[in-house]
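> fold the following, please.
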Amino acid sequence: MLTKLQAYEKDSTTKLVILKGTGGAFCAGCDVVSVLTALIGHWSFGAIFYQKQYTLDYILATYTKPLISLINGIVMGGGAGLSVHAEFTVVTENAVCVPFSA
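Below you'll find the model as predicted:
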């Protein structure tokens, strides 16, 4: 995703970028697995995961082209975190927000 976002930002023919989930959810999908692996494995696993996540968050927060988030289903975890950076968010009646919990 990061590589594509950087390419779209440099492409003069791209006027805006639409963020949407694959299938029925807008989520990162690997958050739980990555965090559990980090807890079980070496501490650097978690550090690498969050470095990638926060780099993507920064790119989206400072993006020079308009971002639009389309939410038509479950939005949770990393997907919710990514969608908040959009200038416009379109949420349908099918959206279900799963709150963060500890």
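
> contacts only, for the most centrally placed residue in the chain.
Nearest to the mean C-alpha position of the chain, by Cα atoms, centre = their mean, lies Leu82 at 3.3 Å. Going by Cβ atoms under 8 Å, 6 or more residues apart in numbering, Leu82 touches 19, 28, 56-57, 60, 69. Just so you know, the C-beta spots here come from the backbone N, C-alpha and C atoms, and that holds for glycine as well.

> of the residues you listed, just say which sits nearest to Leu2.
Of all the contacts of Leu82, Leu2 sits closest to Leu56, with 5.6 Å by Cβ to Cβ.

> can I assume the closest one sits in a helix?
Yes: assigned with DSSP: H, G, I helix; E, B strand; the rest coil, Leu56 falls within a helix.

> what's around it, how many residues?
18 (other Cβ atoms under 10 Å).

> what sits closest to it if chain neighbours are left out?
Leu2 (5.6 Å; Cβ to Cβ, 6 or more residues apart in numbering).

> quick one: the helices in the chain?
Chain-ordered helices for the chain, with DSSP state H as the definition, fall at 2-10, 31-40, 43-61, 77-83.

> other SSEs contacting the third one?
Counting contacts by 3 or more Cβ pairs under 8 Å, 6 or more residues apart in numbering; DSSP states H and E, helix 43-61 packs against helix 2-10, helix 31-40, helix 77-83.

> lowest-confidence stretch among those helices?
When the helices and strands packed on helix 43-61 are compared by mean pLDDT, helix 31-40 comes last with a mean of 63.

> lovely, talk soon.
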